[in-house]
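In: from the sequence below, what's the structure:
(one chain, ligands or ions: 2)
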Amino acid sequence: MNRTEETFWMRSETTLRKRRGIRVLFSFLEYVDGRYPQPSITQGRTDIVSVTPWLAPVVWEGTFHPVLLDSIYQKRNITVAATVFAVGKYIRFLKDFLETAEQHFFVGFRVKVYVFTDRPNEVPKVKMAAGRELVVHSVPNSKRWQEISARRMEIIQTLIEETLNKDVDYIFCLDVDSKFHSRWGTESLGELVAVIHPGYYKDDRSKFPYERRPTSRAYVAPGEGDFYYCGGAFGGVLAEVHQLAQTCRKNFEDDAKEGIEAAWQEESHLNRYMLLNKPSKVLSPEYLWQDFKARNAEVLVIRFSGVIKNYNEIRPN
Ligand SMILES: CC(=O)N[C@H]1[C@@H](OP(=O)(O)OP(=O)(O)OC[C@H]2O[C@@H](n3ccc(=O)[nH]c3=O)[C@H](O)[C@@H]2O)O[C@H](CO)[C@H](O)[C@@H]1O
Ligand SMILES: [Mn+2]
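Out: Ligands and ions are numbered 1, 2, ... in the order given. Sure, this is the predicted structure:
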C-alpha cells in the first residue's frame, strides 16, 4: 500500500499510535469540503472485533471517522444529557470530572450535565462553553455506599420522567470518580449503549462477576452472558435508558425485600438487563478504563478512566 492509498481506517496500529498527537488535525483535513477517505469493508483494524454477534457496533479507535460522524449529528441539532452523582466525600471528584468533560465530552454539541449531590453548596464553579449547562439536584446521603450507588437507578428513572423528555435526545449515566482524557462524542450514540468493563474483557465468561445466586433477580446462569459491562457508564435514548433504570431499580428493590443484594448492586442488575435486552451499541474499554491498569496494546486511546481512590477513606462504610 503506498501512502496515497492509506486511509483513516487502513492505518496500522503502530502508525495510528505514532500519529496520535496529530490525529485530530488529520481527521479534519481528511474532511475538507465534505470529502473523506473511501470506506473499506476488507481493510481496517485486525487486532479487535468491531461488531457483536447480534450485529451491534463495538466502538474502538480507528473504526469511525469523528468529523464525518459529528457532521451527521450536527444537522440533527441533538442535545445530550449526562448524569453524575457526587454524594458525601465523592464531591471531591466533581471538579476534575466537569472540567475534563468540557474538554472532551461532546464538544461542540448541546450538553446538559445533571449533578446529584447532598452538598449543593460545594459544587465547583466550572466555566462551561456556550450551549452547555449544569443542573444541580439535591439528593439525600446514605450510610451505605452500596445504597448510594444503586439508588442512582431510581433517581435516573425519575429524572427522565420529570424533566428530560422535552429537550434531550440522549443520556449517559457516569461515575464521578473518573476523568475524561480524550474524545467521547457522537460515535457513542445509540438506542441502548453499554460499556465493556476493562477488567474482564479477555476473560472467559465463567470468570465474570455476575450475580450467581438464582434467588436474585440479577442472576446470570453459568454458560450465559455476552460481556461484562460497567455500572459506571451506560446510556442511550431516553425511552431505553428509562426502561433500563426502571427495571434495575425494581429488581434491586424486590431483591432487597427478600433480604438479598446482588454482588455488584445495580451493576449486576444492569448486566442481567443487557443480557436480555442486547445493547444496540457497545463501547470498548476505551470508554471506561481504570487508572491503576496499564494500557493494553489494543487500547489506542483512553477516553474516560476511573481515578485511583482510597475506598476506606471516601466511602461511608
Ligand atoms: C467503573 C465502574 O463500573 N464502577 C462501578 C463499580 O464500582 P466503583 O468502585 O467504581 O463504585 P464507586 O465507589 O465509584 O460508586 C459508584 C458511584 O456512586 C456514587 N457514589 C458512591 C458512593 C458514595 O459515597 N458517593 C457517591 O456519590 C459516585 O458517583 C460513584 O462514582 O461497581 C459499583 C457497584 O455498586 C457501580 O456499579 C460502579 O458504577
Ligand atoms: Mn467508580
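In: domain ranges for this structure?
Out: Per automatic domain parsing, the structural domains of the chain span 3-69, 70-314.
In: and among the ones you listed, the most buried is which?
Out: domain 70-314 (a mean of 18; mean count of other C-beta atoms under 10 Å). All C-beta atoms are positioned from the backbone trio N, CA, C, and that covers glycine.
In: coming back round to it: okay if I get the domains of the chain as JSON lines plus mean pLDDT?
Out: Formatted as JSON lines, the domains of the chain follow (pLDDT from 0 to 100):
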{"stretch": "domain 3-69", "mean pLDDT": "74"}
{"stretch": "domain 70-314", "mean pLDDT": "97"}
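In: on the three-state scheme, whatever residue of the stretch 151-300 of the chain ends up closest to ligand 1 is what?
Out: Proximity to ligand 1, evaluated over the stretch 151-300 of the chain using C-beta to the nearest ligand atom, is greatest for residue 231 at 2.1 Å. Here residue 231 takes the strand state, with states given by DSSP: H, G, I helix; E, B strand; the rest coil.
In: find the nearest non-adjacent residue to it, please.
Out: Distances taken as C-beta to C-beta, 6 or more residues apart in numbering put residue 267 closest to residue 231, at 2.9 Å, once the chain neighbours are dropped.
In: now do residue 248
Out: Nearest to residue 248 is residue 269, by C-beta to C-beta, 6+ apart, at 3.9 Å.
In: mind giving me the packing neighbours of the helix or strand encompassing the one you found?
Out: Here residue 269, judged by DSSP states H and E, is contained in helix 265-276. Counting by 3 or more C-beta pairs under 8 Å, 6 or more residues apart in numbering; DSSP states H and E, the packing neighbours recorded for helix 265-276 are helix 145-150, helix 152-159, strand 192-196, strand 229-237, helix 238-257.
In: ok, the nearest residue to residue 266 once chain neighbours are set aside - contacts?
Out: Of all residues not flanking residue 266 in the chain, residue 150 sits nearest, at 4.4 Å (C-beta to C-beta, 6+ apart). Contacts for residue 150 (C-beta atoms under 8 Å, 6 or more residues apart in numbering) come out as 252, 265-266.
In: dump the residue contacts of the most centrally placed residue in the chain.
Out: The centre of the chain sits closest to residue 233, judged by C-alpha atoms, centre = their mean, with a distance of 3.5 Å. Going by C-beta under 8 Å, 6+ apart, residue 233 touches 172-175, 195, 283, 287-288, 304.
In: same check, this time on residue 105
Out: With C-beta under 8 Å, 6+ apart, residue 105 has these contacts: 82, 111, 180, 184-185.
In: looking at the stretch 151-300 of the chain, which residue is nearest ligand 2?
Out: residue 175 (3.7 Å; C-beta to the ion).
In: pretty sure the residue nearest to residue 248 sits against residue 245.
Out: No: with contact defined as C-beta atoms under 8 Å, residue 269 does not reach residue 245; the gap is 10.0 Å.
In: anything in contact with each of the two?
Out: Contacts common to residue 269 and residue 245, judged by C-beta under 8 Å, 6+ apart, are residue 153.
In: and the helices in this protein?
Out: 13-18, 23-29, 66-76, 94-104, 145-150, 152-159, 238-257, 265-276, 311-314 (DSSP state H).
In: hmm, the helix holding residue 269 touching ligand 2?
Out: No: Helix 265-276 stays clear of ligand 2 (C-beta under 5 Å from the ion), getting no nearer than 10.0 Å.
In: next, the angle from that helix to strand 229-237.
Out: Helix 265-276 runs at 60 degrees relative to strand 229-237, counting by axes from the mean of the first three to the mean of the last three C-alpha atoms, to 10 degrees.
In: who touches helix 265-276?
Out: Contacts of helix 265-276 (C-beta under 8 Å, 6+ apart): 146, 149-150, 152-153, 192, 194, 208-211, 216-220, 224-226, 228-232, 234, 244, 247-249, 251-252, 262.
In: tell me the angle it makes with helix 152-159.
Out: Using the same axes, to 10 degrees: helix 265-276 against helix 152-159 is 70 degrees.
In: only alpha carbons, please: show helix 265-276 as CSV.
Out: In CSV, the C-alpha atoms belonging to helix 265-276 read as follows (Å, rounded to 0.1, in the frame of the first residue of the first chain):
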residue,chain,number,x,y,z
GLN,A,265,-25.6,-3.9,43.2
GLU,A,266,-27.1,-2.1,40.2
GLU,A,267,-24.1,-3.2,38.0
SER,A,268,-25.3,-6.8,38.4
HIS,A,269,-28.8,-5.9,37.5
LEU,A,270,-27.6,-3.9,34.5
ASN,A,271,-25.7,-6.9,33.3
ARG,A,272,-28.7,-9.1,33.7
TYR,A,273,-30.8,-6.5,31.8
MET,A,274,-28.2,-6.2,29.0
LEU,A,275,-28.2,-10.0,28.6
LEU,A,276,-32.0,-10.0,27.9
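In: no more questions from me, cheers.
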